[in-house]
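**Student:** Kindly return the folded structure for what I paste below:
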Amino acid sequence: MIQKEVMRYSYKYVLFTVIAWFLALSLHAQVITVIYQVNTSSERHVISPYIYGYNNGSYAYATWHRFGGNRTSAYNWENNFSNAGVDYINNNDDYLPSVMGLASADYKKPAACLIAFHDTSIAHSILSAITLPMVGYVSNDGDGVVSASELAPSARWNKVYDVKGAVLSLVPDTTDHKVYVDEELNFLVNKFGMANSSTGIKAYILDNEPGLWCTQFPHMRSNCVTYNELFTKTIATAEAIKQIDSTANVFGPESWGFSEYWNLQFASDASSHSADHWFIDSYLKEMKQAEDTSGKKLLNVFTVHWYPQVNNVTSDDISLLTAEARMQCPRSLWDSGYVENSWITTSGFAAELPIIPHIQHSISTFYPGTKFGIDEYDYGAHGHISGGIAQADVLGIFGSTGLDYAAIWGTIDGFVKSAFNIYRNYNGAGGRFGAIHSMAKSNDTNSTIYASVVDTSDNILHAIVTNKYYNDTITALIAINSKVSYNNIDLYYFNSADSNIFHQHIPSSSIREDTFRYAIPPLTVAHFVFKDTIALAVNTINQTQSLQMIIWPNPAKDKAIIHYELSDGRIGTLTICDVSGRVLKTYGNLMGIGNIDVNVLNAGIYFAHCTDGVESKTEKLIISN
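**Tutor:** Numbers count the residues shown, from 1 in each chain. From the prediction side, this is the model:
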């Protein structure tokens with residue numbers, strides 16, 4: 001009897017506690033009005049399709065795939081062995097072919113990992129970027145732990161040379177303790193074709209995180225990299241790439257984070273470059289000088305890695321403080337009004353943030369025409385809504401700031417997959433965020449907005465809005481300034497309750513006097529699709545075509561960007577003709593989606609014609625004085 005009374009009392013106590021918690025939550029919750037401004041004719045630029053990349057796992061709606069990471073620095077293409085460094089007891093092993101699921105009979109075949117990797121890219125019509133070694137040595141065997149006494153040079157390592165200086169073989173010598181970068185490139189070109197072919201490898205990456213070489217591979221290197229060593233190796237490897245495949249893009253330097261951006265991780269010769277603001281400027285200046293000397297652009301994409309330095313943000317910690325910090329710290333990418341709580345700011349480097357415009361300024365100053373990529377990043381908590389909101393925010397930031405390449409390091413899963421899908425597959429049928437960025441602003445730092453239009457007609461407008469409040473509903477007031485009047489609204493969203501994306505049709509009466517009003521629940525990512533169905537009905541052919549082509553800006557002064565999207569598996573051709581029909585430029589073997597820079601045209605009227613053999617599209621291109 002006493003035991004029953006105790007149990008009854010416990011149930012009452014628990015019930016009372018739960019009721020009190022819900023009452024407290026409801027009393028704390030508010031409805032907050034947030035005002036957003038969208039202007040479809042302002043701040044327009046083509047969003048690079050290559051901001052939707054990945055490193056690990058797979059994702060059906062990605063645009064490119066990076067073969068990178070610590071393992072790839074010491075990857076031996078001749079036998080597929082690699083070294084784990086400090087990630088796992090400095091082990092030499094066949095981890096890469098194993099984790100990639102290769103048949104055991106293929107483990108020792110030349111470039112088996114690279115072939116399997118790129119075959120996957122071809123099957124999914126996405127771009128491959130392959131890491132090439134510059135650290136000095138690669139694994140010679142798969143015999144386990146490399147001891148400190150076996151520091152390179154030793155029998156456990158093969159020395160890397162950029163140029164063989166002899167006939168390049170498709171059957172590499174695995175007994176000479178040497179590996180040649182140009183022989184590896186020649187093998188891959190022989191297998192897949194040049195980068196400008198439909199199946200060629202489009203990009204090569206100049207190793208990985210050089211500032212950490214000596215700490216990552218302490219049984220390979222006893223010394224840390226210097227400015228001079230990195231510049232020398234970068235130029236030599238880039239020249240080897242361009243010698244074998246002049247059409248391939250070169251990515252580098254793959255710096256791990258801010259301390260490497262600043263002085264190459266405290267490089268011993270950093271003081272020799274003290275006249276430069278930071279290492280990034282020194283690197284860009286060196287590559288520009290190398291181009292001027294060689295007559296070839298040796299660096300196409302300046303690439304870095306970016307992991308938030310706020311405590312625990314990149315982990316799976318979902319405590320309230322960490323989750324809230326996770327959703328805010330993407331502001332370090334773009335927002336000059338945000339001061340993150342990390343060692344970067346507390347060490348006196350707050351002025352170096354936000355990082356994207358700062359690096360873009362260096363590129364435009366010291367190596368103009370070079371693209372910019374962040375090909376490793378991660379904001380953690382993939383299984384939690386805070387990770388999904390941060391990821392959705394990051395993808396919007398990449399598009400709005402004009403980043404050219406980005407690839408997430410962690411696998412695309414959980415709420416992070418929802419974030420990718422809200423941009424790349426919001427309706428479950430490949431529905432995508434628009435290709436042209438439009439101005440979008442919010443007056444609340446707990447809610448961001450990103451807008452785009454599908455093409456230059458502006459007949460379809462996309463707006464992605466985040467609500468980062470834990471308990472508060474947002475009354476969203478979106479003021480839309482557009483040449484188009486939208487009469488159809490669909491909402492696609494996910495929130496803390498479910499990582500699935502749900503759909504809701506919204507009555508057009510929600511738009512009054514060009515202002516759209518809607519209540520967005522707490523911890524939600526909402527994707528609104530506005531359409532002018534009357535204008536779209538006039539041209540139903542264009543509405544149903546899978547082939548898309550957008551020219552921006554148009555008219556253009558010096559350079560126009562032509563964005564194309566082809567149906568999966570089709571190969572396209574783009575031609576630029578003058579008014580008489582004479583073909584001036586041809587870009588062949590196009591696959592998937594991408595951007596083409598068109599320049600060196602005199603002022604005048606031209607026509608861009610894109611075809612994939614099934615569909616075609618022609619747009620007028622105007623080059624002004």
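
**Student:** where in the stretch 501-625 of the chain is pLDDT low?
**Tutor:** Scanning the stretch 501-625 of the chain for pLDDT under 70 picks out 538-545, 568-569.

**Student:** got the domain boundaries for the chain?
**Tutor:** Using automatic domain parsing, the domain parsing of the chain gives 31-46+435-538, 74-93+124-302, 547-623.

**Student:** Kindly check the end-to-end length of the shortest one for me.
**Tutor:** Using CA to CA, to the nearest Å, the end-to-end distance of domain 547-623 comes to 24 Å.

**Student:** just stretch 57-64 next, same as before
**Tutor:** Per CA to CA, the first residue of stretch 57-64 is 12 Å away from its last.

**Student:** Neighbours of the residue nearest to residue 460 when sequence neighbours are not counted, how many?
**Tutor:** Spatial nearest neighbour of residue 460, excluding adjacent residues (CB to CB, 6 or more residues apart in numbering): residue 454 at 4.2 Å. No exception for glycine: its C-beta is placed from N, CA and C like everyone else's. Per other CB atoms under 10 Å, the neighbour tally for residue 454 reads 21.

**Student:** Equivalent analysis for residue 145, please.
**Tutor:** When neighbours are counted by other CB under 10 Å, residue 145 registers 14.

**Student:** Let me know whether it touches residue 86 as I believe.
**Tutor:** No - Residue 145 sits out of contact with residue 86 when judged by CB atoms under 8 Å, with a separation of 12.0 Å.

**Student:** show me the residues around residue 588 that make contact.
**Tutor:** For residue 588, the contact set (CB atoms under 8 Å, 6 or more residues apart in numbering) comprises 196, 573-574.

**Student:** Could you pull up the residues touching the residue nearest to residue 460?
**Tutor:** By CB under 8 Å, 6+ apart, the neighbours of residue 454 are 434-436, 460, 462, 548.

**Student:** Tell me which two of the residues you listed sit farthest apart.
**Tutor:** Using CB to CB, the two most remote members of the contacts of residue 454 are 462 and 548, lying 14.3 Å apart.

**Student:** any low-confidence regions in this structure?
**Tutor:** 1-28, 538-545, 568-569.

**Student:** Kindly recompute the last result at 90.
**Tutor:** Scanning the chain for pLDDT under 90 picks out the ranges 1-31, 198, 456, 507-514, 533-572, 577-605, 607, 609, 611-625.

**Student:** higher neighbour count, residue 462 and residue 548?
**Tutor:** Higher neighbour count among residue 462 and residue 548: residue 462, with 24 against 19, using other CB under 10 Å.

**Student:** For the helix or strand that one falls within, name the packing helices and strands.
**Tutor:** Assigned by DSSP states H and E, residue 462 falls within strand 460-467. Contacts defined by 3 or more CB pairs under 8 Å, 6 or more residues apart in numbering; DSSP states H and E place strand 460-467 against strand 31-39, helix 385-401, strand 436-442, strand 449-453, strand 473-481, strand 524-531.

**Student:** for those, which one sits closest to residue 165?
**Tutor:** helix 385-401 (41.7 Å).

**Student:** Mind exporting the C-alpha coordinates of that closest one to PDB?
**Tutor:** Extracted as PDB, the C-alpha positions of helix 385-401 are listed here (Å, rounded to 0.1, in the frame of the first residue of the first chain):
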ATOM      1  CA  ILE A 385      17.800  21.000 -36.300                       C
ATOM      2  CA  SER A 386      20.600  23.400 -35.400                       C
ATOM      3  CA  GLY A 387      22.900  21.700 -37.800                       C
ATOM      4  CA  GLY A 388      20.300  21.800 -40.500                       C
ATOM      5  CA  ILE A 389      19.600  25.500 -40.000                       C
ATOM      6  CA  ALA A 390      23.300  26.300 -40.000                       C
ATOM      7  CA  GLN A 391      23.800  24.300 -43.200                       C
ATOM      8  CA  ALA A 392      20.900  26.000 -44.900                       C
ATOM      9  CA  ASP A 393      22.300  29.400 -43.800                       C
ATOM     10  CA  VAL A 394      25.800  28.500 -45.100                       C
ATOM     11  CA  LEU A 395      24.500  27.500 -48.600                       C
ATOM     12  CA  GLY A 396      22.600  30.700 -48.800                       C
ATOM     13  CA  ILE A 397      25.700  32.700 -47.800                       C
ATOM     14  CA  PHE A 398      27.800  30.900 -50.400                       C
ATOM     15  CA  GLY A 399      25.400  31.800 -53.100                       C
ATOM     16  CA  SER A 400      24.800  35.400 -52.000                       C
ATOM     17  CA  THR A 401      28.500  36.200 -51.600                       C
END
